[in-house]
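Visitor: The sequence and its predicted three-dimensional model are supplied below.
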Amino acid sequence: MARPRRRAAAPPAPESGPDTGTDTGELRRQAVHPGVFRRRRVAALVAVLVVVTGLVIGGRVLIHDAGLFDVEGVSVTGAATLSPDQVIAVAAVAPGGPLADVDTAAVATRVATLPAVAKASAERSWPHTVAVTVVERVPVAIVATSSGDALVDTTGAVYAGVAPPGLPRYVHGIDGPDDPAARAAVAALGSLPPAVRDQVLTVDATAGSGSPQVTFGLTGNRRVRWGSAERGPDKAAVVEPLLAQPGHVFDVASPDLPTITR
């Protein structure tokens, strides 16, 4: 008698779950995610904008309306011959207004109009002060002008001011920092050893066809022919020991061959 056939076992049903990737509910959830993310990003952006707007409005109220950061004073640094009151008066910073509204560039420009000021800057020093810094000119000589005596600084600029004692007098007029003779005279003065500079009474610079030639008038009716402004350190090295000898004219225009005329 023939045995009945066994039916082939059905293949196992695929498992559902996170490892198979075939669950239809998971597919639906994946299809929804992009829209959800977009909505969340929009909501976050709106929240950030609200916070930023609140901060801006709050900052405006604190700085401009509440008076917590108003100008209460001006500080001055770098002034030597100038008094702080002179600088503050020209700075013209009105007290009581918001510090944030102060035009610091305009303040610096006004302060720089003072004759003795070579450079000026201004900045806000929170919470209540405008800080002004000045760099004053350094006078090296006196020069006669149509308005009276004026000062000459290390750049050759001519400006009004009270001369400190001991400054030499520049013999000729100066056209300003672009004057070659003035530049040569200032450079030569700067090269002199301090002990010699203290003896200088006059400075003369003549501009011929070549480089301006500088001559110093010293105490004791002595003169130093410096020549051009070139080789200043070499000339400074020989002029002091040369002046220790008797003579009337001391020529260091050629520092390799200095001469003395008695």
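Guide: Yes, it's here. Numbers count the residues shown, from 1 in each chain.

Visitor: Pull the residues that contact stretch 185-192.
Guide: 140-141, 152, 154-156, 168, 170, 197, 200, 203-205, 212, 214, 216, 226, 229, 232-233, 235-236, 239 (Cβ atoms under 8 Å, 6 or more residues apart in numbering). Using the backbone N, CA and C atoms, a C-beta is placed for each residue, glycine as well.

Visitor: scratch that, stretch 206-223 is what I was asking about
Guide: 168, 172, 180-181, 183-185, 188, 192, 196, 199-205, 224-230, 243, 247-250, 253.

Visitor: Only C-alpha atoms, please: export it in PDB.
Guide: C-alpha atoms of stretch 206-223 as PDB (Å, rounded to 0.1, in the frame of the first residue of the first chain):
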ATOM      1  CA  THR A 206      71.100 126.600   3.100                       C
ATOM      2  CA  ALA A 207      69.600 124.800   0.100                       C
ATOM      3  CA  GLY A 208      71.800 125.100  -3.000                       C
ATOM      4  CA  SER A 209      72.000 123.000  -6.100                       C
ATOM      5  CA  GLY A 210      72.800 119.900  -4.000                       C
ATOM      6  CA  SER A 211      71.800 118.700  -0.600                       C
ATOM      7  CA  PRO A 212      71.000 121.400   2.000                       C
ATOM      8  CA  GLN A 213      74.100 122.300   4.100                       C
ATOM      9  CA  VAL A 214      73.600 122.700   7.900                       C
ATOM     10  CA  THR A 215      75.600 124.900  10.100                       C
ATOM     11  CA  PHE A 216      75.300 125.200  13.900                       C
ATOM     12  CA  GLY A 217      76.100 128.300  16.000                       C
ATOM     13  CA  LEU A 218      77.400 127.300  19.400                       C
ATOM     14  CA  THR A 219      78.100 129.000  22.600                       C
ATOM     15  CA  GLY A 220      81.600 130.700  22.800                       C
ATOM     16  CA  ASN A 221      81.300 132.100  19.300                       C
ATOM     17  CA  ARG A 222      81.900 128.700  17.700                       C
ATOM     18  CA  ARG A 223      80.400 127.200  14.600                       C
END
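
Visitor: circling back to that earlier point, could you tell me which of the contacts of stretch 206-223 are located in strands?
Guide: Counting by DSSP state E, these place V200, L201, T202, V203, D204, A205, V224, R225, W226, G227, V249, F250 in strands.

Visitor: ok, back up a step: are any of the contacts of stretch 206-223 buried, and which?
Guide: Among the contacts of stretch 206-223, those classed as buried by 16 or more other Cβ atoms under 10 Å are 168, 172, 181, 183-185, 188, 192, 196, 199-200, 203-205, 224-229, 243, 250, 253.
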